[in-house]
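J.: Predicted model follows, preceded by the sequence.
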Amino acid sequence: MSSHLPPSLQPLPSPTSALPRPSSPRGFPLLLRPHLPQRPLQRRHAQSPRALRPDPARSTQHPILHRLRRLPRHPRSSQARNRPKPHRPNGFSAKSMQEQEPVIRQHVDLFISKLKDIATSQHEDNLGTLDIVSWFNFVIFDLIGALSFGESLGCLEHSRLHPWVQAVFDATNMYGKRMMVKWYSPSSILTAWIGWIIGLSAPHSKQQDFAARKVEKRLAMEDPASRMDFVDAMYRAEFEGEDGLKKVLREEIVFNMRLIMLAGSESTATALTGTVFLLATHGDVQRRLAGDVRGLFEREGEIDIWSAQRVKYLGAVLSEAMRVLPPASLSMPRFCQEGGDVICGRWVPAGVTLEIWPMAVTHSSRNFAKPDEFIPERWMDDGERDPIFENDKAEALKPFSYGPRDCIGKSLANVEMRLILARMLWNFDISLADEKGKTWAKDMLGWNLWLKYPLNVVLTPVRRGKK
């Protein structure tokens, strides 16, 4: 974990002087080479006696995140915090998942159908080859659109990204730059000027406008709670005022839906892509997993969001893939509470931002044996796990964040990933299309989320005898 302090504080002797921090007094070099933080931080973790981890239940998001120009704040945040839990949206509950199953199945069916068309294409120079990064984006963003607003974004249908999806990627790539500009700028005026010059706010404005239009369209229906989507869940979770009337702010719905659309899509697509890359580069793991899937299901129609949970090795593969290639490239910041705190035996003053860098944690030999190797068996039951992994700290893997503020959609992400991978492996053998693909993971850049290059793979249809 690294402690990021404003440059004016760094030269001063303080209790934080012993804590890990960036070697450069300025973050601007990272704007030019965003992949730099990963490996140096892994080395720093290897040298540090212990990783610093604050209590997530008592920490808050750093105010710097809300002071950035045009970065949205949650409307009525104080009222929202005081709401009773039963009135909060339950769109991610098991019951809701069951209601949403037809929508999930419909989109995965279309996804697999599109892959089959490509895999059986007759173009000799491009037989069965596709950029799996794009196709995972298509299906996941279509899914979250349908689950959020009751209608798909049309990415799968048209085989191209919706303009809003491109705005998401632009915004996430800009986020790291926004943080650096704000954090290291000496004045708010200079911050605003730099942001205007390099266009930091434009992608966020596009996201906001799209979410607002979608929410307005959805709420304009005669019965806003007529569909089983996240807007429906949010609408039903309205709270009652003293007059007994239900009240809700559209701005609050827009804010929440914007977060859900982003948090429920890009990281899931990244986790799927990373898993396919690792399967394509580890043939023994792919053969075992494919054998388990094909042996358990005689017909493809037997694979659904519930039955896919029975493939135990699939869960191990996903956990290991998210350990080796964390879906989020940057840290989850926590702000040390008022009065300071003792963390891992060290006094940390109030106001210090503490961060956990996923890749540094999951690739630390203090947490995992053979940390840089892809070995799904480490997550299996004791009977199938090598004794060398008995001391692995499974709790160090937190791909969906941690504490009371972890991702509320992690169950949905797990369901989507298991179903999609099970269906893919039932239908296809997966291999890299070229030698360039072998360095795909090393070539990724990390701004706020991973900036991924195309990953071309070959899908070879599984041949089955007629029964």
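T.: Sure thing, it's come through. Computed from a predicted model, the values in this text were never measured in an experiment.
J.: what are the bridge partners for Glu355, then?
T.: According to DSSP bridges, the residues that bridge with Glu355 are Ser2.
J.: what's the neighbour count on it?
T.: Number of residues near Glu355 (other Cβ atoms under 10 Å) recorded here: 19. C-beta here means a position set from N, CA and C on the backbone, and glycine is covered the same way.
J.: Adjust the sequence numbering to begin at 765 for everything that follows.
T.: From this message on, residue numbering opens at 765, which makes the last subject Glu1119.
J.: Might one say that it is in contact with Met1096?
T.: Yes: the pair Glu1119 / Met1096 is scored as a contact, 7.0 Å apart, by Cβ atoms under 8 Å.
J.: Give the phi and psi angles for the closest residue to Asp1105 other than its chain neighbours, as a check.
T.: Taking Cβ to Cβ, 6 or more residues apart in numbering as the measure, Asp1105 lies nearest to Val1112, with 5.7 Å between them; neighbours along the chain are not counted. Backbone torsions for Val1112, taken as degrees, to the nearest 10, come to phi -120, psi 120.
J.: In this model Val1106 seems to touch Val1112, though I could be wrong.
T.: Yes: contact criterion Cβ under 8 Å: Val1112 and Val1106 qualify, at 7.4 Å.
J.: okay, those two: which has more neighbours?
T.: For Val1112 versus Val1106, the count of surrounding residues by other Cβ under 10 Å is larger for Val1112: 20 against 8.
J.: Please pull out the lowest mean pLDDT helix or strand from this structure.
T.: The helix or strand with the lowest mean pLDDT-type score in the chain, counting by mean pLDDT, DSSP states H and E, is helix 828-831 (a mean of 36).
J.: Look up how far Pro1151 lies from Val1018.
T.: In this structure, Val1018 and Pro1151 are separated by 52 Å, where distance is defined by Cβ to Cβ, to the nearest Å.
J.: quick one: which of these two has more around it?
T.: For Val1018 against Pro1151, the residue with the higher neighbour count under other Cβ under 10 Å is Val1018, and the figures read 21 against 8.
J.: Which helix or which strand is home to the more buried one?
T.: Element membership for Val1018 (DSSP states H and E) is helix 1014-1027.
J.: Which positions within that helix qualify as buried?
T.: Under the neighbour-count criterion of 16 or more other Cβ atoms under 10 Å, helix 1014-1027 has 1016-1022, 1024-1027 buried.
J.: and if you look at stretch 1182-1200?
T.: By neighbour count on 16+ other Cβ under 10 Å, the buried set for stretch 1182-1200 is 1182-1197.
J.: which residues of the stretch 1065-1214 of the chain fall in strands?
T.: Along the stretch 1065-1214 of the chain, the segments classed as strands by DSSP state E, counting those that start in this stretch run 1098-1099, 1105-1107, 1110-1112, 1117-1119, 1192-1196, 1209-1210, 1214-1215.
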